[in-house]
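[1] After the sequence you'll find the predicted model.
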Amino acid sequence: MAQEYREKMTQAQFNALQEKLAYLKGERRTEIADQLEEARSHGDLSENAEYDEARNEQARLEADIAQLEYTLDRAEIIQNITNDVVSTGCTVRLRRLPFNGQPEKQETLAIVGRSEANYAEHKISDDSPIGKASLGKRVGDEFLVEAPVGTMTFVVEEIIITDEMTSAMKKDA
């Protein structure tokens, strides 16, 4: 039997998702109910674009709520993070060795769960090729990542535990 996927996330991310869910179920639902009521007051619903848009917004809201509940129900809070080994929840400074004419490059990335990943914010999923390959590595370790442009070699330069993670771990202890 296949094991159910557990969404790994920091306590801070879990709390933020809970807050968002509370907002959607409370204030946002009320706003949309008010929009629907206002649109109904305009008469014939069969040709009422405002009503149709409010219903569509309501459907999107309910889908967002269901997705958040699903994610939170399957959340696994990251604990026991150290700067000895790369794990979900830590930040890692990597050096990509030169390849295919590209120069060496350093990058600092946070290894996070799928729902928290955002490359623009330098947060990569623990399920991404780089994230997956870096897990379990120590400072100085090299690892390979297969990419469409070729095989890239990375070196772990530093493993960083953020203040947010340190304080969250102290609260749990």
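    Noted; the coordinates are in hand. Numbers count the residues shown, from 1 in each chain.
[2] Summarise which helices and strands the strand ranked longest in the chain is packed against.
    Ranked by number of residues, the top strand in the chain under DSSP state E is strand 150-160. Secondary-structure packing of strand 150-160 (3 or more C-beta pairs under 8 Å, 6 or more residues apart in numbering; DSSP states H and E): strand 91-96, helix 129-134, strand 142-147. All C-beta atoms are positioned from the backbone trio N, CA, C, and that covers glycine.
[3] okay, these in a markdown table with distance to residue 77 and mean neighbour count next?
    Below are the helices and strands packed on strand 150-160 laid out as a markdown table (distance: least, C-beta to C-beta, whole Å; neighbours: other C-beta atoms under 10 Å):
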| stretch | distance to residue 77 | mean neighbour count |
| --- | --- | --- |
| strand 91-96 | 18 | 18 |
| helix 129-134 | 18 | 19 |
| strand 142-147 | 26 | 13 |
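[4] Mean pLDDT added to the ones you listed, as CSV?
    Listed next are the helices and strands packed on strand 150-160 as CSV, based on pLDDT from 0 to 100:
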stretch, mean pLDDT
strand 91-96, 96
helix 129-134, 95
strand 142-147, 94
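[5] Could you find the closest non-adjacent residue to residue 117?
    residue 125 (4.0 Å; C-beta to C-beta, 6 or more residues apart in numbering).
[6] Beta-bridge partners for that neighbour, please?
    Judged by DSSP bridges, the bridge partners of residue 125 are residue 112.
[7] Distance of it relative to residue 108?
    Taking C-beta to C-beta, to the nearest Å as the criterion, residue 125 is separated from residue 108 by 16 Å.
[8] Settle it for me: which of these two has more neighbours?
    residue 125 (20 against 12; other C-beta atoms under 10 Å).
[9] Can you show me the strands along the chain?
    7-9, 75-77, 91-96, 105-112, 123-125, 142-147, 150-160.
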